[in-house]
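Colleague: from the sequence below, what's the structure:
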Amino acid sequence: MRTVELSDHPSDLLTAAIRRREVAGSDAGSKHGKRLAALREQRDAARRGRKWWTYLRMTYAISKHKRSRPPRISVPTDAEEILRAGIAGEQKVATQLAEALGDEWTLLHGYRNSRGEIDHLLLGPKGLFAIEVKNVNATVNVSGDTWQADKYDRYGNLVEQYTIADRRGRSPSEQLNQPADALASFLHGRGQPRPVRRVVALTHPRSKLGRHTSLTVNVAVTTADILRIVRDSPDNLDDRSRAAIQNLIEHDHAFHEKRAR
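Modeller: Have a look, this model is predicted:
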């Protein structure tokens, strides 16, 4: 399987998050140092003026300030860990697909259009597949476009429930269907009326698919599930069609990437 890197938005977000943390830590360290210098200046001024009570008070304040530490900048934030887990999930899917599929398949990573982003586009003889990767440590229940995570402890007790949605309030199926619909429309308008088959892949080792009704996408818990969906596809794309579709996808992504920047 060949891989085409269109963009790597999660890695860009992770780099930005790390940079913000480092800058915040650096600013805190700078403020800590400036405050220490100001206290020393007040202490020295009190000594020169023979204001011994003030001198003692400033000496104590300096000792106390030295013991206080500025925030550590080496500890990753929760947001960074979530991004790292998501990146690892995407890489896991890409690696396992590469091991299973031949050179007639292409994985385009990080496609973007006006409706959103798609983690992977898998293009090959059995058609075009849009894959959204979710790293959810829970049992996932799906009803149409409503997704809920149920988290259990090791004794089987339900300890947490929450709705799975992105920052715009879109469920994983909506997050995938919106850009996939736009891509299908774009291809149709350029002479390639091909379906875009959609798969949400749950990559966390403890992810489970629970109750699911009225699905608007395929849901995969393992890469084997994705390969089964690919195998069962009725589509058939020859070399020429695949090359034309890939070219259109790359040009469409470049157009929207330029506009986003």
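Colleague: distance from the chain centre to stretch 195-210, please.
Modeller: How far stretch 195-210 lies from its chain's middle: 15 Å, per CA atoms, centre = their mean, to the nearest Å.
Colleague: nope, stretch 162-179 is what I was after
Modeller: 13 Å.
Colleague: give me the buried positions along that stretch.
Modeller: 164, 170-179 (16 or more other CB atoms under 10 Å). For glycine as for every other residue, the C-beta is placed from the backbone atoms N, C-alpha and C.
Colleague: this structure: helices as residue ranges?
Modeller: Ranges of helices in the chain, per DSSP state H, are 9-48, 52-67, 78-100, 172-189, 223-231, 239-260.
Colleague: about what we covered before: of the buried residues of stretch 162-179, closest to residue 240?
Modeller: residue 179 (25.3 Å; CB to CB).
Colleague: shouldn't the closest one be in contact with residue 119?
Modeller: No. The criterion here is CB atoms under 8 Å, and residue 179 misses it with residue 119 at 10.5 Å.
Colleague: hmm, back to that, wait, which of the helices of the chain is closest to residue 111?
Modeller: Comparing the helices of the chain by CB to CB, helix 239-260 comes nearest, at 5.2 Å.
Colleague: helices or strands up against the closest one?
Modeller: strand 106-113, strand 116-124, helix 172-189 (3 or more CB pairs under 8 Å, 6 or more residues apart in numbering; DSSP states H and E).
Colleague: per-residue confidence averaged over it?
Modeller: For helix 239-260, the mean per-residue pLDDT is 94.
Colleague: what's the most buried one of the helices of the chain?
Modeller: Stretch with highest mean neighbour count among the helices of the chain: helix 172-189 (a mean of 20; mean count of other CB atoms under 10 Å).
Colleague: angle of that one against strand 116-124?
Modeller: 60 degrees (axes from the mean of the first three to the mean of the last three CA atoms, to 10 degrees).
Colleague: and the buried residues of stretch 162-179 as a markdown table, adding pLDDT?
Modeller: Output for the buried residues of stretch 162-179, formatted as a markdown table (pLDDT from 0 to 100):
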| residue | pLDDT |
| --- | --- |
| 164 | 96 |
| 170 | 97 |
| 171 | 97 |
| 172 | 97 |
| 173 | 98 |
| 174 | 98 |
| 175 | 97 |
| 176 | 98 |
| 177 | 98 |
| 178 | 98 |
| 179 | 98 |
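Colleague: which one of the helices and strands packed on helix 239-260 lies closest to residue 227?
Modeller: Comparing the helices and strands packed on helix 239-260 under CB to CB, the one sitting nearest is strand 116-124, at 10.1 Å.
Colleague: sheet partners, orientation included, of that closest one?
Modeller: Strand pairing for strand 116-124, determined by DSSP bridges: strand 106-113 (antiparallel), strand 127-134 (antiparallel).
Colleague: for those, give me JSON lines that also has mean neighbour count and mean pLDDT.
Modeller: JSON lines is the format used below for the strands paired with strand 116-124 (neighbours: other CB atoms under 10 Å; pLDDT from 0 to 100):
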{"stretch": "strand 106-113", "mean neighbour count": "22", "mean pLDDT": "95"}
{"stretch": "strand 127-134", "mean neighbour count": "24", "mean pLDDT": "97"}
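Colleague: distance to residue 64 for those strands - can I get that in TSV?
Modeller: Listed next are these as TSV, based on distance: least, CB to CB, whole Å:
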stretch	distance to residue 64
strand 106-113	50
strand 127-134	48
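Colleague: cheers, nothing more for now.
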